[in-house]
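Peer 1: Here is my input, please return the structure:
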Amino acid sequence: MSTLERNPVEVECGGDPPPGRPGPTILEPREVPLGGPRAMTVRRTLPSRGRTTIGAYCFLDHYGPDEIEATGGMVVPPHPHTGLQTVSWLFTGQIEHRDSTGVRATVVPGELNLMTAGRGVSHSEVSVREEGAPGTLHGVQLWTVLPAEHADVAPGFQHFAPEPVEVEGVRASVFLGELSLRAGDAPGGRVTLSSPVTTFTPLLGAELRLEPGASAGLDLDPAFEHGILLDEGELTVDGSPLTRHQLAHLAPGPSHVAVRAGDAGARLVLLGGPPFEEQIVMWWNFIGRDHDDIVESRRRWNAEQGQDDAGRFGTFDYPDDAWLPAPALPHVRLRPRG
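Peer 2: Coordinates of the predicted model:
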């Protein structure tokens with residue numbers, strides 16, 4: 001996923017206000033067009049005015065369900081990333097991923113595709129429209145910040161297909177980290193699910209589907225903050241209602257949270273990680289530690305396109321010569337928070 005806004009705002013991350021009140025804080029999405037006149041619209045809840053990160057998660061786009069023939073689907077030509085990992089998770093549809101590490105993969109529902117940008121990578125994402133492929137695109141795209149000591153690691157790609165577990169009206173898939181849960185209100189019956197995928201800070205990522213009226217108790221690491229995105233249906237989080245497309249933020253401290261679906265059932269994405277306290281600047285598709293990092297990444301990306309030398313971001317086969325140029329920088333110096 002790329003930020004396609006022509007005038008991307010500077011996001012100063014880190015130093016979010018300390019937790020000061022019980023219960024979840026609700027973050028509302030803002031709609032962002034992903035492309036041209038028939039653009040697919042995504043709902044962006046991270047970064048937001050009220051919160052820039054949840055753990056190391058610094059970007060959350062939630063999209064669909066979109067009929068590809070009507071919206072044009074996702075067509076994001078080669079573009080760069082630095083200093084982050086991209087996490088792709090689909091509910092329906094298919095996306096072809098190509099990147100400069102040599103990977104060409106199809107993102108399908110229920111399977112994780114995680115790309116490490118590190119010192120620099122380029123990739124593309126295009127909805128699959130071949131005969132027989134689902135015509136509806138629906139999922140989430142996440143970015144996680146790499147800590148300073150790992151910001152310049154070599155780019156890479158990981159794939160993982162978690163085995164869903166179903167118990168008492170709750171179906172859970174854990175694609176990052178570890179989660180223990182108990183379905184229903186009765187004691188016992190707790191199951192623990194985990195993912196072998198490598199991340200550079202502790203992270204949790206899971207999809208849960210609750211049948212109508214079903215409930216689940218989720219064990220939380222009290223050192224983590226958490227986010228619960230409601231994709232569809234009705235849900236309460238420790239008794240607080242969450243409406244579709246909202247993101248509930250839970251501050252560190254609690255070791256347990258209860259979720260309950262309404263009459264329509266619910267599907268949610270659970271995220272978590274220890275608060276990310278480093279100072280960073282996130283602008284367009286780059287994460288750096290200061291203004292100069294961003295300036296250099298932008299310069300290198302725009303200068304390297306069309307060159308025989310693969311350069312910092314590498315190259316890969318793409319159906320045409322299209323690529324996304326980095327937009328103009330603002331006329332002020334980008335500042336990390338702190």
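Peer 1: quick one: average pLDDT of stretch 149-166?
Peer 2: Taken as a whole, stretch 149-166 carries a mean pLDDT of 97.
Peer 1: now it, how far from the centre of its chain.
Peer 2: Here the centre of stretch 149-166 is set off from its chain's centre by 12 Å, with Cα atoms, centre = their mean, to the nearest Å.
Peer 1: which other residues reach it?
Peer 2: For stretch 149-166, the external contacting residues (Cβ atoms under 8 Å, 6 or more residues apart in numbering) are 82-83, 99-101, 103, 105, 110-121, 146, 171-175, 191, 193, 195-198, 200, 287, 289, 314. No exception for glycine: its C-beta is placed from N, CA and C like everyone else's.
Peer 1: Just the buried ones from those residues?
Peer 2: 82-83, 99-101, 103, 105, 111-121, 146, 171-175, 193, 195, 197, 200, 287, 314 (16 or more other Cβ atoms under 10 Å).
Peer 1: that's a helix at Ser297, yeah?
Peer 2: Yes - residue state for Ser297 (DSSP: H, G, I helix; E, B strand; the rest coil) corresponds to a helix.
Peer 1: Who's the closest spatial neighbour of it, skipping the chain neighbours?
Peer 2: Spatial nearest neighbour of Ser297, excluding adjacent residues (Cβ to Cβ, 6 or more residues apart in numbering): Phe286 at 4.4 Å.
Peer 1: for Gly135, same thing?
Peer 2: Ile68 (5.3 Å).
Peer 1: burial measure for that neighbour, as a count.
Peer 2: 21 (other Cβ atoms under 10 Å).
Peer 1: residues touching it, list them.
Peer 2: Ile68 makes contact with Gly93, Ser127, Arg129, Gly135, Thr136, Leu137 under the criterion Cβ under 8 Å, 6+ apart.
Peer 1: can you do 6 Å?
Peer 2: Shown in contact with Ile68 (Cβ atoms under 6 Å, 6 or more residues apart in numbering): Ser127, Gly135, Leu137.
Peer 1: Mind checking what helix or strand follows the helix or strand containing Ser122 in sequence?
Peer 2: Assigned by DSSP states H and E, Ser122 belongs to strand 121-127. Using DSSP H and E, the helix or strand that follows strand 121-127 in sequence is strand 136-145.
Peer 1: How many residues are close by the nearest residue to Leu270 once chain neighbours are set aside?
Peer 2: Leaving aside its sequence neighbours, Leu270 sits nearest to Ala206 (Cβ to Cβ, 6+ apart; 4.6 Å). The number of residues packed near Ala206 is 23, by other Cβ under 10 Å.
Peer 1: re the thing from before, please tell me I have it right and the residue nearest to Ser297 contacts His81.
Peer 2: No - using Cβ atoms under 6 Å, Phe286 is not in contact with His81, being 7.1 Å away.
Peer 1: more neighbours, these two?
Peer 2: Neighbours were counted for Phe286 and for His81 using other Cβ under 10 Å; His81 has more, 27 against 24.
Peer 1: May I see the buried residues of stretch 242-256?
Peer 2: For stretch 242-256, burial by neighbour count (16+ other Cβ under 10 Å) applies to Leu242, Arg244, Gln246, Leu247, Ala248, His249, Leu250, Ala251, Pro252, Pro254.
Peer 1: which one of those sits closest to Arg267?
Peer 2: Checking the buried residues of stretch 242-256 against Arg267 with Cβ to Cβ, the nearest one is Arg244 at 9.8 Å.
Peer 1: which residues touch that closest one?
Peer 2: Taking Cβ under 6 Å, 6+ apart, one finds Leu230 in contact with Arg244.
Peer 1: Look up how far Ala206 lies from it.
Peer 2: Remark: distance between Arg244 and Ala206 (Cβ to Cβ, to the nearest Å) = 19 Å.
Peer 1: Below-threshold pLDDT in this structure: ranges please.
Peer 2: Within the chain, the stretches with pLDDT under 70 are 1-22, 35-39, 130, 132-134, 185-188, 308, 337-338.
Peer 1: Would you confirm that Pro78 contacts Trp323?
Peer 2: Yes - with contact defined as Cβ under 6 Å, Pro78 reaches Trp323; the gap is 4.4 Å.
Peer 1: gap between the two ends of stretch 311-327?
Peer 2: 19 Å (Cα to Cα, to the nearest Å).
Peer 1: What residues of that stretch count as buried?
Peer 2: Using 16+ other Cβ under 10 Å as the test for burial, stretch 311-327 gives Gly311, Arg312, Phe313, Gly314, Thr315, Phe316, Trp323, Leu324, Ala326, Pro327.
Peer 1: Over to stretch 327-334?
Peer 2: Pro327, Leu329, Leu334.
Peer 1: got the end-to-end distance for it?
Peer 2: Using Cα to Cα, the two ends of stretch 327-334 sit 14 Å apart.
Peer 1: before we move on, what about stretch 104-111?
Peer 2: 15 Å.
Peer 1: contact partners of that stretch?
Peer 2: Defining contact as Cβ under 6 Å, 6+ apart, one finds that stretch 104-111 is touched by Ser88, Leu90, Phe91, Thr92, Gln94, Ile95, Glu96, His97, Arg98, Asn113, Ala161.
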